[in-house]
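Undergrad: Curious how this folds, go ahead:
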Amino acid sequence: MRNDLEIYKELNILCVDDDISIVQIYRELFSLLFKNVYIAYDGESGYVSFLENRIDIVLTDHSMPILTGLEMSKKIREHDSSVPIIMLTALENLEMLREAIDIRITSFIKKPLSTKAIFSTLSFVAKSVLADRMLLSIQKEQIVYSTYQEKLTYDKERTIIKNDLAESQKLAEYSCEVLYKPRDILSGDSYSIRKLSQESYFLFIVDGMGKGISAATTAMLCSAFVNRSVDLAIKKERFSLKEIIEELIEFIAPNLLEEEVISASFVYYHESHQNLEYAMFSMPAALYMLENSETVLKLKSNNPPMAGYTQSVQTSFLDTTNLLKILFFSDGLNENSLKNSDESYAKYLRDDFKKARDIDSLELQREEKIEEQEDDITVIFLHKESEKC
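TA: You can find the predicted model right below:
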């Protein structure tokens, strides 16, 4: 534990008084105690000295020329709301005391001065300054640590996500574009795009229930396990969408909280089959359009949300012979509130999808309509090359 003399060594004090003899006493008393002692003989000079130096404590008389101690303190408070200000006064002017309290003068020392009163007040104020400084240092360390952990979390999420088409953005005859926008570092969304062979592909979007660590952990577990299952299927040269989903359910069910559910989309596309096999668990309906048509169609979920009690898996097929474009997405896309409205972006999504020629144009339209992003967003957009800008 540091003694009372040591606490001053890290601090700078500004002493303001128009009485030269008083200033000389301050200089002699404080020069061996404080790190630096700054002197001023009027309120204006004291204010300038405060601006030019790093001051930890202000000790000032009230009755001074040019600016009084109170006037100087008001100007200091405009720049620093927390620096301790100790004012010397006869404590007889009640109106001045009210004003001093209003601008948060830290402490008063009654005239005539005594060394005991000065050091008793200074000791209390100096300990408060150092305590605040220590607290601020701890807070900064916590922020640095938290930022570091958030970066590691984000890096881990990006490592778990697999996109085999990231460079080419080609899925057979379709351009395959992704929008992945976590609202926070801990994302409840994840996805995977895997190339199974020269003609077959797998798409996956998962949306964990709720927000924060629980949803993010569930999403990352699902994504990591699915990627492992896909890797094994590629090695065996045998892929079954239903088996991939059933393996995930068997793995994730014991790890879910009692009321926790998962929304997810699983898609298998084989170019030569001219169809798209899918299983959607309580996900927003995918939107798609056919060539030479102006109608936006919906591909609705064919399974309830995935949960610990899920027993069966239903897969369905979409004929892709004339498929022009299709949009799979998590509910963060369509449930976002509109600007100055209680309605959601779902009101405009179909029209915006109809006009969108790529993922960027769709996102531009969305951002023009929403107030702020309210949830994690994951979008996979497949479109014929002729539809690309």
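Undergrad: Tell me where the stretch 1-150 of the chain is predicted with low confidence.
TA: The model of the stretch 1-150 of the chain has pLDDT under 70 over residues 1-6, 91-92, 137, 143-145, 150.
Undergrad: if you skip the residues just before and after it, what's nearest to Val230?
TA: Sequence neighbours aside, Arg194 is the residue nearest to Val230 in space, at 4.9 Å (criterion: CB to CB, 6 or more residues apart in numbering). C-beta: built from backbone N, CA, C; applies to glycine.
Undergrad: Okay, and that neighbour sits in which element?
TA: Using DSSP states H and E, the element containing Arg194 is strand 189-195.
Undergrad: Following element in sequence after that strand, please.
TA: On the C-terminal side of strand 189-195, the nearest following helix or strand under DSSP H and E is strand 200-208.
Undergrad: show me what contacts the residue nearest to Val230?
TA: 162, 164, 201-204, 227, 230, 234 (CB atoms under 8 Å, 6 or more residues apart in numbering).
Undergrad: how about these in CSV, adding neighbour count and distance to Lys116?
TA: Shown next, in CSV, are those (neighbours: other CB atoms under 10 Å; distance: CB to CB, whole Å):
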residue, neighbour count, distance to Lys116
Lys162, 20, 73
Asp164, 17, 78
Tyr201, 23, 83
Phe202, 25, 81
Leu203, 23, 79
Phe204, 26, 75
Asn227, 18, 73
Val230, 20, 79
Ile234, 17, 83
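Undergrad: Go through the residues you listed and name the one nearest Met289.
TA: Checking the contacts of Arg194 against Met289 by CB to CB gives Leu203 as the nearest, at 17.8 Å.
Undergrad: so the closest one bridges to which residues?
TA: Taking DSSP bridges as the rule, Leu203 bridges to Ile193, Val267.
Undergrad: quick one: average confidence on the strand holding Arg194?
TA: The average pLDDT within strand 189-195 is 95.
Undergrad: how about the strands in the stretch 1-150 of the chain?
TA: Listed in chain order, the strands of the stretch 1-150 of the chain (DSSP state E, counting those that start in this stretch) span residues 12-16, 36-40, 57-61, 85-89, 107-110.
Undergrad: ok so, going back, for the contacts of Arg194, which one is nearest Arg133?
TA: Lys162 (47.3 Å).
Undergrad: Check what pLDDT that closest one gets.
TA: Per-residue pLDDT puts Lys162 at 93.
Undergrad: thought it was touching Ser190?
TA: No. Contact between Lys162 and Ser190 fails when scored by CB atoms under 8 Å: they sit 9.9 Å apart.
Undergrad: gap between stretch 131-148 and the chain center?
TA: Distance of stretch 131-148 from the chain centroid (CA atoms, centre = their mean, to the nearest Å) equals 18 Å.
Undergrad: what are the ranges of the helices in the stretch 1-150 of the chain?
TA: Secondary structure of the stretch 1-150 of the chain (DSSP state H, counting those that start in this stretch): helices located at 20-30, 43-52, 69-79, 94-102, 115-160.
Undergrad: Lys9 is nearest to which of those?
TA: Short answer: helix 115-160, nearest of those by CB to CB, at 9.9 Å.
Undergrad: That closest one to strand 12-16, inter-axis angle?
TA: 140 degrees (axes from the mean of the first three to the mean of the last three CA atoms, to 10 degrees).
Undergrad: which is the next helix or strand following helix 115-160?
TA: Using DSSP H and E, the first helix or strand after helix 115-160 is strand 162-163.
Undergrad: after that next one, next one along is what?
TA: strand 170-171.
Undergrad: Pairing partners for that following strand, with directions?
TA: For strand 170-171, pairing defined by DSSP bridges yields strand 174-181 (antiparallel).
Undergrad: what's the burial count for Leu97?
TA: 17 (other CB atoms under 10 Å).
Undergrad: Equivalent analysis for Ile7, please.
TA: Ile7 has 16 neighbours, counted by other CB under 10 Å.
Undergrad: Over to the one 10 residues further on?
TA: As a burial measure, the neighbour count of Asp17 was computed by other CB under 10 Å and equals 24.
Undergrad: what does the one 4 residues further on give?
TA: When neighbours are counted by other CB under 10 Å, Ser21 registers 7.
Undergrad: Then the one 10 residues further on?
TA: Here the number of neighbours of Ser31 (other CB under 10 Å) works out to 10.
Undergrad: now swap in Lys116 and tell me
TA: Counted with other CB under 10 Å, Lys116 comes out at 8.
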